[in-house]
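**Q** With the input below, show me the fold.
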Amino acid sequence: MNDINLTMLTDFYELTMANGYFNNGMKDKIAYFDMFFRRIPDDGGFAIMAGVEQLIQYLKGLRFTDEDIVFLRSKKIFSEDFLQYLRNFRFTCDVWAVPEGTPIFPNEPIIIVRGPVIEAQFIETMLLLIINHQSLIATKANRIVRASQGRAVMEFGSRRAHGSASAVYGARAAYIGGCIGTACTVSDQKFGVPALGTMAHSWVQMFPSELDAFRAYARTYPSECTLLVDTYNVLKSGVPNAIKVFNEEIVPRGFRPKGIRIDSGDITYLSKKARKMLDEAGFKDCKIVASNSLDEYVIRDMLIHGAQVDLFGVGERLITSKTSPVFDGVYKLVAIEENGQIIPKIKVSENTAKITNPGFKSLWRFFDNETGKAIADLIAEHDEVIDESQPYELFDPEFTWKRKTVTNFRAENLLVKIFEKGKCVYESPDIKEIQRQCAEKTDMLWDEVKRFEYPHNYYVDLSLKLWTTKDRLLKENS
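**A** Next comes the predicted model:
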């Protein structure tokens with residue numbers, strides 16, 4: 001999919017606005033846009049940033065083809081001068097982003113774009129599409145992995161994904177969130193997300209008997225033998241036949257069985273019984289894999305009730321984030337430049353949740369030096385510097401009397417520059433490193449923030465300087 005030119009995957013009004021800017025002499029006007037999101041999926045305590053690598057690939061490939069120009073000319077609303085501009089279009093903006101795998105919170109800028117307004121505005125659709133989708137799936141995967149309490153989770157959702165791109169990039173995002181691998185082979189080929197899988201029920205049905213099917217598979221894959229035991233009856237035939245084949249085909253060849261998989265029925269009950277049968281047969285090291293419409297809530301309840309499951313295969317409810325299928329990311333103008341001076345802009349709304357934070361900004365995360373845990377995030381103006389040697393007063397931007405002075409802390413600027421004047425200046429880490437960083441950074445959050453129900457509200461505050469600017473603009477526009 002990286003080979004497909006996605007330049008024209010944009011909302012049509014991006015083009016009508018661009019034509020308007022061009023014909024009003026504004027094509028070189030410098031604008032600043034923020035991407036942020038307003039609500040955490042599943043009412044959770046945090047989300048996970050993902051998709052930056054694909055955003056980079058998209059921005060590198062922005063080009064209008066001759067075919068694109070012919071199509072746009074056929075609409076009969078674009079000037080020839082504007083079409084000629086598009087024919088020679090090159091991306092020249094500066095872009096900052098929060099690195100993939102980082103926990104993120106509502107209303108803070110996770111991507112900032114600065115550059116000529118036509119360019120900065122035009123990329124809105126794809127930027128949101130990429131980051132919203134992958135951040136949604138990475139967030140859901142992280143929840144499911146945490147619910148599994150150290151047991152491995154595999155992403156098995158390709159056939160239920162909303163299209164091929166959702167399957168491929170969803171598997172990548174799920175890996176960032178903590179899954180150990182995917183059923184989607186092309187995601188292994190393209191991104192190095194380990195492809196996993198054994199057999200379907202059709203394999204068992206293709207042979208004269210379940211025992212014959214198990215024997216054939218064991219002889220084909222003696223070192224990686226996991227058998228699907230629920231085609232007919234888990235406890236009466238599936239597990240007994242698996243044990244028989246382990247003894248007759250796997251152990252004599254010098255291997256140990258990898259596992260059995262249960263894909264239907266009361267998996268909690270069946271896994272307890274299967275565990276007892278495997279242990280009594282001398283296969284305490286044989287893993288039990290569970291699949292079938294799982295998510296973090298089902299997995300949590302299974303484990304509360306003693307399910308003897310070692311690995312979970314999670315499909316449709318992960319790849320579609322079924323319980324909360326939309327990531328609420330938006331892209332808003334926050335400033336322009338006039339005569340080299342940054343002029344902050346604000347969007348005011350009767351819906352106070354839609355009022356934006358104006359200006360060119362930076363994003364800081366404060367960590368307690370004693371515990372290593374994150375204290376709060378601070379949105380500041382771009383030129384503000386945090387002096388870690390001095391106490392810093394944080395305050396709630398809505399309820400300003402709520403204040404906390406922090407000492408003995410370190411402050412990390414979360415936004416890194418990924419493009420400078422249209423040239424990529426950032427090298428994406430290996431996906432295994434992104435996954436490792438995701439686990440490490442998530443561990444820096446307090447457990448109260450990681451609760452599934454009623455998580456602690458992690459504070460995202462404004463600096464006094466930014467709050468003052470916002471307050472002034474609100475009063476000027478009231």
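
**Q** after the lengthiest helix in the chain, next one along is what?
**A** Determined from DSSP state H, the single longest helix within the chain is helix 124-147. Using DSSP states H and E, the next helix or strand after helix 124-147 towards the C-terminus is strand 152-155.

**Q** now what about that following strand, what contacts it?
**A** By Cβ atoms under 8 Å, 6 or more residues apart in numbering, the residues outside strand 152-155 that reach it are 141, 144-145, 170-171, 174-175, 178-184, 196, 310-315, 318-319. Any C-beta I mention is one placed from the backbone N, CA and C, and that applies to glycine too.

**Q** quick revisit: quick one: average pLDDT of the longest helix of the chain?
**A** In this model, helix 124-147 carries a mean pLDDT of 98.

**Q** Could you list the buried residues of that helix?
**A** In terms of neighbour count (16 or more other Cβ atoms under 10 Å), helix 124-147 has its buried residues at 124-147.

**Q** Using the record's assignment, carve the chain into domains.
**A** 12-137+326-476, 145-319 (automatic domain parsing).

**Q** Out of those domains, which one sits most buried?
**A** Highest mean neighbour count among these (mean count of other Cβ atoms under 10 Å): domain 145-319, with a mean of 19.

**Q** dump the residue contacts of residue 218.
**A** Here residue 218 is in contact with 225, 227, 245-246, 249-250 (criterion: Cβ under 8 Å, 6+ apart).

**Q** Hmm, I typed the wrong one, I wanted residue 95.
**A** Contacts of residue 95 (Cβ under 8 Å, 6+ apart): 59, 111-114, 417-419.

**Q** okay, the domains of the chain in JSON lines with distance to residue 5 next?
**A** Formatted as JSON lines, the domains of the chain follow (distance: least, Cβ to Cβ, whole Å):
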{"stretch": "domain 12-137+326-476", "distance to residue 5": "6"}
{"stretch": "domain 145-319", "distance to residue 5": "14"}
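
**Q** hmm, back to that, where helices are concerned, which of the contacts of strand 152-155 count?
**A** Using DSSP H, the contacts of strand 152-155 in helices are 141, 144-145, 170-171, 174-175, 318-319.

**Q** and which of those is nearest residue 296?
**A** Relative to residue 296, the closest of the ones in helices among the contacts of strand 152-155 is residue 144; by Cβ to Cβ it sits at 4.7 Å.

**Q** I'd assumed residue 336 was in a strand, is it?
**A** Yes. Assignment of residue 336 by DSSP: H, G, I helix; E, B strand; the rest coil places it within a strand.

**Q** average model confidence for stretch 217-234?
**A** 98.

**Q** coming back round to it: export the ones in helices among the contacts of strand 152-155 as JSON lines, with columns for distance to residue 48.
**A** Converted to JSON lines, the ones in helices among the contacts of strand 152-155 look like this (distance: Cβ to Cβ, whole Å):
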{"residue": "141", "distance to residue 48": "8"}
{"residue": "144", "distance to residue 48": "12"}
{"residue": "145", "distance to residue 48": "11"}
{"residue": "170", "distance to residue 48": "13"}
{"residue": "171", "distance to residue 48": "15"}
{"residue": "174", "distance to residue 48": "10"}
{"residue": "175", "distance to residue 48": "11"}
{"residue": "318", "distance to residue 48": "13"}
{"residue": "319", "distance to residue 48": "15"}
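
**Q** Just name the closest of the residues you listed to residue 43, please.
**A** residue 144 (15.7 Å).

**Q** Name the nearest residue to the closest one, ignoring sequence neighbours.
**A** Spatial nearest neighbour of residue 144, excluding adjacent residues (Cβ to Cβ, 6 or more residues apart in numbering): residue 296 at 4.7 Å.

**Q** measure that neighbour to residue 168 for me?
**A** Using Cβ to Cβ, to the nearest Å, residue 296 is found at 23 Å from residue 168.

**Q** again with residue 119
**A** As judged by Cβ to Cβ, residue 119 and residue 168 stand 27 Å apart.

**Q** for residue 197, same thing?
**A** Separation of residue 197 from residue 168 (Cβ to Cβ) stands at 16 Å.

**Q** can you give me the strands for the stretch 201-350 of the chain?
**A** 226-228, 259-262, 287-291, 311-314, 329-338, 341-344 (DSSP state E, counting those that start in this stretch).

**Q** residue ranges with poor pLDDT in the chain?
**A** For the chain, the stretches flagged by pLDDT under 70 are 1-4.

**Q** most centrally placed residue in it?
**A** residue 135 (2.5 Å; Cα atoms, centre = their mean).

**Q** what sits against that one?
**A** Taking Cβ under 8 Å, 6+ apart as the contact definition, residue 135 lies against 37, 47-51, 104, 173, 327, 329.

**Q** May I ask which two of those residues are separated the most?
**A** Using Cβ to Cβ, the pair of those lying farthest apart is 37 and 173, separated by 15.0 Å.

**Q** For the closest residue to residue 274 other than its chain neighbours, list the residues it contacts.
**A** Excluding its sequence neighbours, the residue lying closest to residue 274 (Cβ to Cβ, 6+ apart) is residue 239, at 5.0 Å. Taking Cβ under 8 Å, 6+ apart, we find residue 239 in contact with 229, 260, 273-274, 277-278.

**Q** and those residues, which of them are in helices?
**A** Per DSSP H, the contacts of residue 239 map to helices at 273-274, 277-278.

**Q** Let's have those in TSV, adding distance to residue 15.
**A** Output for the ones in helices among the contacts of residue 239, formatted as TSV (distance: Cβ to Cβ, whole Å):
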residue	distance to residue 15
273	62
274	59
277	64
278	62
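
**Q** Check those against residue 463 and report the nearest one.
**A** residue 274 (56.9 Å).

**Q** OK, contacts around the closest one?
**A** Residue 274 touches 229, 234-235, 239, 260, 262, 288, 308, counting by Cβ under 8 Å, 6+ apart.

**Q** Would you quantify the distance from it to residue 289?
**A** Applying Cβ to Cβ, the value for residue 274 to residue 289 is 11 Å.

**Q** and for the two, which residues touch both?
**A** Common neighbours of residue 274 and residue 289, counting by Cβ under 8 Å, 6+ apart, are 260, 262.

**Q** I'd like the distance from stretch 191-208 to the chain centre, please.
**A** 27 Å (Cα atoms, centre = their mean, to the nearest Å).

**Q** again but with stretch 35-48, I slipped
**A** The answer for stretch 35-48 is 11 Å, by Cα atoms, centre = their mean.

**Q** what's the answer for stretch 387-395, then?
**A** On Cα atoms, centre = their mean, the centre of stretch 387-395 falls 31 Å from the chain's centre.

**Q** Need the CA coordinates for it. CSV is fine.
**A** C-alpha atoms of stretch 387-395 as CSV (Å, rounded to 0.1, in the frame of the first residue of the first chain):
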residue,chain,number,x,y,z
ASP,A,387,13.7,24.7,34.7
GLU,A,388,14.0,21.4,36.5
SER,A,389,16.1,22.9,39.3
GLN,A,390,13.2,25.1,40.4
PRO,A,391,9.7,24.3,41.8
TYR,A,392,7.0,24.4,39.1
GLU,A,393,3.4,25.3,39.8
LEU,A,394,0.8,23.3,37.8
PHE,A,395,-2.8,24.3,37.7
